[in-house]
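In: I'd like to go over a predicted model; first the sequence, then the structure.
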Amino acid sequence: MFKRFGVLVSAANIATILALACGGAAAPTATKAPAAGAAAATATRAPAAAAATATAVPAAAPTVAVTAKATGKVTIAEAASTGVVSDLDPGSWRGGQRGLYRVIFEPLMYMDPDGTNPYTPMLATSWEMAKDGLSWTFHLRKGVKFHNGEDFDAQVMAKNMKRARGLQGPFFQENTAGYEFPDTHTLVLRLKKPDLGLLSRLVYGSRIGYPAPSKLIDEAGEAVITSDLGAANSLLIRRNPVGTGPYKQVKFDPHAPEHVLEAFEGWNAGWGGYRPTVKTVRQIGIPEQTVRIAAMAAGEVDIIYLTPGPTLKELRGGRAVLTPSVRVWWGELYQHRVPNSPYNNVKVRQAMNYAIDKEAMIDKLLGGAGTPAVTVISPMQFGYPKDVKPYPYDPQKARQLLAEAGFPNGLDVGEAFAGNDEARTWSLAIASYFADVGMKIQVGSSLGHATRNLPPVHDLWKEMGFGFTGSSLGGDGDYRVENFETKWQQHGYVVDTVQDDLYDKTLGTVDNSERERILQQMATRSNQLANHLFLWYVKAAYGWGPRIADWKLTPGEELGPDGFQTIRLK
């Protein structure tokens, strides 16, 4: 099958057609690879994580390690034309730059540095759910100050929650019945229906649980869902994010390839016992991976983002670090359930999944840094269906299904929308496989790189074809089926009332075992009906320059570097 992979693989970061979104659980600490010239190490897989418990969490706040005052500077190169994206308002967050949120802001709870507990206390020291599941009580950390000097308390947290309009926002607002404040640092959230996925929804599937200061919210007003940085007053937070995290912003130009953070001396959390030892973290954008690798080899940058693939072998002057992540890629089928479209035929969708040799594509195009996908839920997430297997490569089965669907002589399945060279390489390989079984597909451009007028994201059902969609948010699998398989979806195109009804059942139970069973049932149904063109689960990859002694990325989740307070220099 080497003919399929003869296209030059660029080093640009893979662009999605739709905004990246997703959920995930604990992953192990990355295994460091040998130095230059050797293959990158493969980290072992973590077991699927359990969902958050509904019982009270120990009230102990994170241990704070005493360290010397932060000094020095580290430069990180990301795969972007600018150092950051413009999505720095928790109220309108749509999936970008998770890493910055985790160092500028703090969530109510989050993953511990070793990846063993996805609900480690942060701004919340403990919490409990009522027996009927209709209220959650959060006990908040005292003595916390924002970078601007304001105090953090329960009223500020509620103000942030009420303002949320980004991912998970619509569902959260509709299911919220009200707020109560027994004291200044206790928040009671009342719900209309039980929601055992609430903790994951607050800190992984959204940024609802990441507060900004009250004064800034009052000045900014309503959260605005737009990519326009000049829209309303939302730019006050987007350009000048203020949180309670270990680093504060000191320089940000959304149109320039540089973003500078400085250690916040007032930070009192000590995530996992860590405090910043590096005073300044400078992030820059270098789109081409080969250029990023060369910059690290020359000592111009200290850490680089790596796209899993053949160019990993080019790493010089540092180490490659691979760690399992919850990211999954698939083809989003825009005309799912559109009458008279071939995508409305389950046998055509199944044939598409059988037609592709995913193992060969992973080996040749991702450098082996992945495994075939079964569903939109990661194997590392609560709700993953362990007994379901990926579609095997079976072109004969694909031809048989097409004949049964009424297309014995093949058919045209429209367009594969590709946003850059990586996505185009994927598309060309897929087009070759499709051609072998009688399906014709044109390789086109994505929304962000359109050479012709395409409809808005939620109107892409007008287009016959598919676009590459990924999801890499942490948390449990609840978010993924909700956002890509039900009526609540913000990025998906699946229309399935059975999935809607099943998801509603997860909101009516206070039994986590039952909720897991339902999520697994939904994921299994999605696989059997081939609701998506399932591709692969991929690993996160970063390159460390010779100055870096240690750095703990948040395990599991991947989109933008974080955990800057854990960076240690030699």
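Out: Structure received. Numbering: from 1, shown residues only.

In: residues in contact with the closest residue in space to Trp267 that isn't next to it in sequence?
Out: In space, and not counting its chain neighbours, Trp267 is closest to Pro246: 4.6 Å by CB to CB, 6 or more residues apart in numbering. C-beta: built from backbone N, CA, C; applies to glycine. By CB atoms under 8 Å, 6 or more residues apart in numbering, the residues touching Pro246 are 103, 263-264, 267, 269, 271, 275-276, 564-565.

In: let me see the contact set for Phe434.
Out: Counting by CB under 8 Å, 6+ apart, Phe434 has contacts 352, 355-356, 413, 440-441.

In: also Pro276?
Out: Contacts of Pro276 by CB under 8 Å, 6+ apart are 70, 246-247, 263-264, 267, 564-565, 567.

In: and those residues, which of them are in strands?
Out: Judged by DSSP state E, strands contain the following of the contacts of Pro276: 247, 263.

In: and whichever strand or helix holds Arg424, how far out from the chain middle?
Out: Using DSSP states H and E, Arg424 sits in helix 421-437. Centroid separation between helix 421-437 and its chain, computed with CA atoms, centre = their mean, to the nearest Å, is 25 Å.

In: buried set for it?
Out: Residues 421-434, 437 are the ones in helix 421-437 that count as buried (16 or more other CB atoms under 10 Å).

In: ok, now stretch 174-193?
Out: 175-176, 179, 185, 187-189, 191.

In: repeat for stretch 107-118
Out: Buried residues in stretch 107-118, defined by neighbour count with 16+ other CB under 10 Å: 107-113, 115, 117-118.

In: let me see the contact set for the residue lying closest to Ser135 once chain neighbours are set aside.
Out: Spatial nearest neighbour of Ser135, chain neighbours left out: Arg190 (4.9 Å); criterion: CB to CB, 6+ apart. Counting by CB under 8 Å, 6+ apart, Arg190 makes contact with 134-135, 176-180.

In: what's the closest of those residues to Ala80?
Out: Thr176 (34.6 Å; CB to CB).

In: wait, the closest one sits on Val188?
Out: No: the criterion here is CB atoms under 8 Å, and Thr176 misses it with Val188 at 11.6 Å.

In: pLDDT added to the contacts of Pro276, as a markdown table?
Out: Listed next are those as a markdown table, based on pLDDT from 0 to 100:
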| residue | pLDDT |
| --- | --- |
| Ala70 | 93 |
| Pro246 | 93 |
| Tyr247 | 94 |
| Ala263 | 96 |
| Phe264 | 94 |
| Trp267 | 89 |
| Phe564 | 89 |
| Gln565 | 89 |
| Ile567 | 92 |
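
In: in TSV, list the contacts of Pro276 along with distance to Glu404.
Out: Shown next, in TSV, are those (distance: CB to CB, whole Å):
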residue	distance to Glu404
Ala70	65
Pro246	58
Tyr247	57
Ala263	63
Phe264	62
Trp267	61
Phe564	55
Gln565	57
Ile567	56
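
In: just give me the longest strand of this structure.
Out: Max-length strand for the chain by DSSP E is strand 319-333.

In: so which of the buried residues of stretch 107-118 would you say is closest to Gly477?
Out: Gly477 lies nearest to Pro118 out of the buried residues of stretch 107-118, by CB to CB, at 12.4 Å.

In: picking that back up, just the ones of the buried residues of stretch 174-193 in helices?
Out: Among the buried residues of stretch 174-193, DSSP state H puts Asn175 in helices.

In: which pair in the buried residues of stretch 174-193 spans the largest distance?
Out: Farthest apart among the buried residues of stretch 174-193 by CB to CB are Asn175 and His185. That separation is 24.2 Å.

In: out of the buried residues of stretch 107-118, which sit inside strands?
Out: Short answer: the buried residues of stretch 107-118 in strands (DSSP E) are 109-110.

In: quick one: the strands in the stretch 101-250 of the chain?
Out: 109-110, 120-121, 124-129, 135-140, 176-183, 186-191, 247-252 (DSSP state E, counting those that start in this stretch).

In: if we can go back for a sec, so can I have JSON lines of the buried residues of stretch 174-193 showing distance to Phe468 and pLDDT?
Out: What follows is the buried residues of stretch 174-193, written out as JSON lines (distance: CB to CB, whole Å; pLDDT from 0 to 100):
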{"residue": "Asn175", "distance to Phe468": "31", "pLDDT": "91"}
{"residue": "Thr176", "distance to Phe468": "34", "pLDDT": "94"}
{"residue": "Tyr179", "distance to Phe468": "40", "pLDDT": "97"}
{"residue": "His185", "distance to Phe468": "44", "pLDDT": "98"}
{"residue": "Leu187", "distance to Phe468": "39", "pLDDT": "98"}
{"residue": "Val188", "distance to Phe468": "42", "pLDDT": "98"}
{"residue": "Leu189", "distance to Phe468": "36", "pLDDT": "98"}
{"residue": "Leu191", "distance to Phe468": "35", "pLDDT": "96"}
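
In: looking at the buried residues of stretch 174-193, spot the one nearest Lys159.
Out: The closest of the buried residues of stretch 174-193, once distances to Lys159 are taken by CB to CB, is Tyr179, at 9.4 Å.

In: what pairs with that closest one across the strands?
Out: Judged by DSSP bridges, the bridge partners of Tyr179 are Leu189.

In: residues in contact with it?
Out: Going by CB under 8 Å, 6+ apart, the list of residues near Tyr179 reads 158, 161-162, 187-190.

In: where exactly do the strands run in the stretch 401-550 of the chain?
Out: Secondary structure of the stretch 401-550 of the chain (DSSP E, counting those that start in this stretch): strands located at 411-418, 439-445, 465-471, 533-544, 548-550.

In: got the angle for the longest one vs strand 465-471?
Out: Computed with axes from the mean of the first three to the mean of the last three CA atoms, to 10 degrees, the direction of strand 533-544 lies at 40 degrees from that of strand 465-471.

In: alpha carbons of strand 533-544, as PDB, please.
Out: Provided in PDB are the C-alpha atoms of strand 533-544 (Å, rounded to 0.1, in the frame of the first residue of the first chain):
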ATOM      1  CA  LEU A 533     -15.700   7.600   9.800                       C
ATOM      2  CA  PHE A 534     -13.600   6.300  12.700                       C
ATOM      3  CA  LEU A 535      -9.900   6.900  12.300                       C
ATOM      4  CA  TRP A 536      -7.500   6.800  15.300                       C
ATOM      5  CA  TYR A 537      -6.500   7.600  18.900                       C
ATOM      6  CA  VAL A 538      -3.200   9.500  18.800                       C
ATOM      7  CA  LYS A 539      -0.500  10.200  21.400                       C
ATOM      8  CA  ALA A 540       0.600  13.700  22.500                       C
ATOM      9  CA  ALA A 541       4.200  14.500  21.500                       C
ATOM     10  CA  TYR A 542       6.600  17.200  22.600                       C
ATOM     11  CA  GLY A 543      10.300  17.800  22.100                       C
ATOM     12  CA  TRP A 544      12.500  18.900  25.000                       C
END
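
In: quick one: strands adjacent to it?
Out: The strands that strand 533-544 pairs with in its sheet are strand 303-305 (antiparallel), strand 319-333 (antiparallel), strand 370-372 (antiparallel) (by DSSP bridges).

In: and for Asp550, the neighbour number?
Out: Asp550 has 12 neighbouring residues, counting by other CB atoms under 10 Å.

In: list the buried residues for the helix or strand containing His259?
Out: Per DSSP H and E, His259 falls inside strand 258-263. Under the neighbour-count criterion of 16+ other CB under 10 Å, strand 258-263 has 259-263 buried.

In: now do the buried residues in the very next helix or strand once past it.
Out: Using DSSP H and E, the helix or strand that follows strand 258-263 in sequence is strand 278-285. Using 16+ other CB under 10 Å as the test for burial, strand 278-285 gives 278-285.
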